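Undergrad: Could you work out the structure for the sequence below:
(one chain, ligands or ions: 2)
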Amino acid sequence: MSELTITNALVFDGVSEQLTETSLYLRDGVIAEIDPRVTRAERVVDAAGRTVLPGLIDAHFHAYGVSLDSLAIETSPLSYLALAGARRLRRALARGFTTVRDVAGGDAGLARAVADGLIPSPRYLHTGPALSQTGGHGDARSPEQTGLCLHGSHMCEVVDGVENLRVAVRERFRQGAHAIKLMTSGGVISPADPIRPPQYTPEEVAAVTAEATRRGSYVAAHAYSPEAVRHSVLNGVRSIEHGNLLDEPTAALMAEHGAFLVPTLATYDAMRRRGAEVGLPDFARAKNQEVLDAGQRAVALAHAAGVPVGFGTDLMGALENDQLAGLRLQTEAAGVLACLRSATSVNARLLGRDDLGRVAVGARADLLLLDGDPFADPSVLWDERRPRQVVQAGEPVAGTG
Ligand code: ZN
Ligand code: ZN
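TA: Ligands and ions are numbered 1, 2, ... in the order given. Reported below is the predicted structural model:
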């Protein structure tokens with residue numbers, strides 16, 4: 001039996017505005033008791049002066065996103081991506097992310113390595129390679145690469161047609177996918193497609209969502225424009241990724257259909273500030289500018305329409321260390337309480353995991369201890385110079401505290 005007591009904790013439970021001063025008794029990876037009088041375990045962490053939050057969830061992460069050049073990723077050996085991905089996962093855990101949803105990439109081998117505890121990592125839920133139409137966001141070929149036949153494999157796979165998509169979806173679930181990822185509009189770093197127009201036919205999107213729903217799962221779609229979001233939601237998509245160009249009527253449609261928005265504000269901000277450093281091509285800089293300013297407005301619009309808003313980062317290559325900046329950008333857009341809910345309980349609901357993203361009896365003992373009170377000083381959330389301590393499955397695993 002493994003036990004740990006955290007005393008004098010000021011607790012954010014994932015939902016409530018009120019912080020509670022109490023003690024937590026963790027046993028066998030679960031929060032077993034919440035009571036100021038608990039002193040049960042031999043091992044005690046005194047959290048005086050610190051705030052205890054549910055471990056953060058990043059619902060838009062790419063373990064294999066080791067470069068901003070999609071073609072370089074798709075043509076890399078998987079062994080390299082797995083090792084580089086393991087380092088990305090370890091660093092995410094040290095920042096306080098105890099669960100990530102990988103929405104393009106991951107495979108049964110990486111998931112098994114994480115589940116077996118071979119590498120320090122957040123809990124790892126993955127979609128396998130994202131599905132893209134020919135010439136869509138997941139097609140890594142530039143327009144000049146006329147003779148190159150590439151269907152992708154590690155992060156994205158090009159699959160066209162209803163029947164082929166059905167097989168591709170079934171294959172992903174066979175290999176342990178948590179959900180399915182579909183590219184339903186253009187993107188910033190894809191070379192051959194404009195951002196706005198919807199991708200895939202309604203029949204193709206509907207076939208994918210029907211397969212996923214029948215399996216008890218759901219579809220996450222990469223979509224920027226109102227027309228692409230509409231196209232996705234009306235054909236059964238539950239999780240809209242990015243959604244930067246969202247407008248009011250489309251936000252209302254999402255709310256009506258119970259669709260979640262997963263904003264990824266960190267990535268555009270990082271590409272703006274660090275585009276030169278990471279060699280972002282000119283076409284990508286122009287596309288980035290188009291969605292950068294709109295991103296925070298989309299978050300506010302979605303909240304106002306009653307859309308459940310989650311939290312994601314989508315940081316590729318060397319930009320990965322901007323992960324906590326996403327919390328700053330989303331706090332600016334929606335306030336600290338909404339941002340914290342997004343990164344904990346709302347993301348947990350999106351994942352269909354009510355044992356995550358909460359500090360509650362029976363929930364997983366995945367916690368983040370911050371040096372201060374984020375409601376008094378939100379910068380404690382993203383300031384990496386302040387000590388932070390991560391507890392995973394009831395064990396202190398990482399951090400500087
Ligand atoms: Zn995307
Ligand atoms: Zn992404």
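Undergrad: what about the helices in the stretch 51-200 of the chain?
TA: Per DSSP state H, counting those that start in this stretch, the stretch 51-200 of the chain carries helices over the ranges 70-74, 78-95, 108-115, 162-174.
Undergrad: likewise the stretch 201-350 of the chain?
TA: Chain-ordered helices for the stretch 201-350 of the chain, with DSSP H, counting those that start in this stretch as the definition, fall at 202-214, 226-234, 248-256, 265-274, 282-305, 325-334, 336-341, 347-351.
Undergrad: for those, which one sits closest to residue 88?
TA: Comparison of these against residue 88 by C-beta to C-beta identifies helix 265-274 as nearest, at 14.0 Å. C-beta: built from backbone N, CA, C; applies to glycine.
Undergrad: can you list the weak-confidence ranges in the stretch 251-400 of the chain?
TA: By pLDDT under 70, the low-scoring segments of the stretch 251-400 of the chain are 399-400.
Undergrad: switch to 90 and redo it
TA: Screening the stretch 251-400 of the chain residue by residue with the criterion pLDDT under 90, one finds the ranges 275-293, 398-400.
Undergrad: what residues are up against residue 54?
TA: When contacts are counted by C-beta atoms under 8 Å, 6 or more residues apart in numbering, residue 54 touches 12-14, 344-345, 348, 356-359, 363, 366-368.
Undergrad: Dump these into a markdown table; add neighbour count, distance to residue 72 and secondary structure as well.
TA: What follows is the contacts of residue 54, written out as a markdown table (neighbours: other C-beta atoms under 10 Å; distance: C-beta to C-beta, whole Å; DSSP: H, G, I helix; E, B strand; the rest coil):
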| residue | neighbour count | distance to residue 72 | secondary structure |
| --- | --- | --- | --- |
| 12 | 26 | 40 | coil |
| 13 | 20 | 43 | coil |
| 14 | 23 | 38 | coil |
| 344 | 29 | 34 | helix |
| 345 | 24 | 37 | helix |
| 348 | 24 | 34 | helix |
| 356 | 23 | 33 | coil |
| 357 | 32 | 34 | coil |
| 358 | 20 | 39 | coil |
| 359 | 26 | 41 | coil |
| 363 | 21 | 40 | coil |
| 366 | 31 | 33 | coil |
| 367 | 28 | 37 | strand |
| 368 | 26 | 33 | strand |
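Undergrad: how about the residues you listed in TSV, adding distance to residue 387?
TA: Formatted as TSV, these follow (distance: C-beta to C-beta, whole Å):
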residue	distance to residue 387
12	18
13	22
14	22
344	20
345	25
348	26
356	24
357	23
358	24
359	20
363	24
366	18
367	15
368	12
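Undergrad: If we only consider these, which is nearest to residue 89?
TA: The closest of these to residue 89 turns out to be residue 366 (C-beta to C-beta; 14.4 Å).
Undergrad: Would you list the phi and psi of that closest one?
TA: Backbone torsions of residue 366, given as degrees, to the nearest 10, read phi -110, psi 110.
Undergrad: now it: how far from residue 279?
TA: Between residue 366 and residue 279 the distance, using C-beta to C-beta, to the nearest Å, works out to 36 Å.
Undergrad: go on, residue 190?
TA: 16 Å.
Undergrad: And residue 82, by the same measure?
TA: 24 Å.
Undergrad: the more surrounded of those two?
TA: When neighbours are counted by other C-beta atoms under 10 Å, residue 82 comes out ahead of the other of residue 82 and residue 279, with 18 against 12.
Undergrad: ok, the residue lying closest to residue 177 once chain neighbours are set aside - contacts?
TA: Spatial nearest neighbour of residue 177, chain neighbours left out: residue 128 (4.8 Å); criterion: C-beta to C-beta, 6 or more residues apart in numbering. Neighbour list for residue 128: 105-107, 172, 175, 177, 181 [criterion: C-beta under 8 Å, 6+ apart].
Undergrad: ok, now with 7 Å
TA: Residue 128 makes contact with 106-107, 172, 175, 177 under the criterion C-beta atoms under 7 Å, 6 or more residues apart in numbering.
Undergrad: how many neighbours does residue 135 have?
TA: 17.
Undergrad: I'd guessed residue 233 sits against residue 252; true?
TA: No - taking C-beta atoms under 7 Å as the definition, residue 233 is not a contact partner of residue 252, at 10.8 Å.
Undergrad: And those two? Which one has more around it.
TA: Just comparing residue 233 and residue 252: by other C-beta under 10 Å the higher neighbour count belongs to residue 233, 24 against 15.
Undergrad: Show the contacting residues for the more buried one.
TA: Counting by C-beta under 7 Å, 6+ apart, residue 233 makes contact with 253-254, 257, 259.
Undergrad: cool, and residue 396?
TA: For residue 396, the contacting residues are 45, 389, by C-beta under 7 Å, 6+ apart.
Undergrad: So it: helix, strand or coil?
TA: Under DSSP: H, G, I helix; E, B strand; the rest coil, the three-state class of residue 396 is strand.
Undergrad: If it is in a bridge, with which residues?
TA: With DSSP bridges applied, the residues forming beta bridges to residue 396 are residue 391.
Undergrad: Please report how far it lies from residue 388.
TA: 11 Å.
Undergrad: how many other residues sit next to the residue lying closest to residue 291 once chain neighbours are set aside?
TA: If the residues on either side of it in the chain are set aside, residue 291 comes closest to residue 244, at 4.0 Å by C-beta to C-beta, 6+ apart. If you count neighbours by other C-beta under 10 Å, residue 244 ends up with 23.
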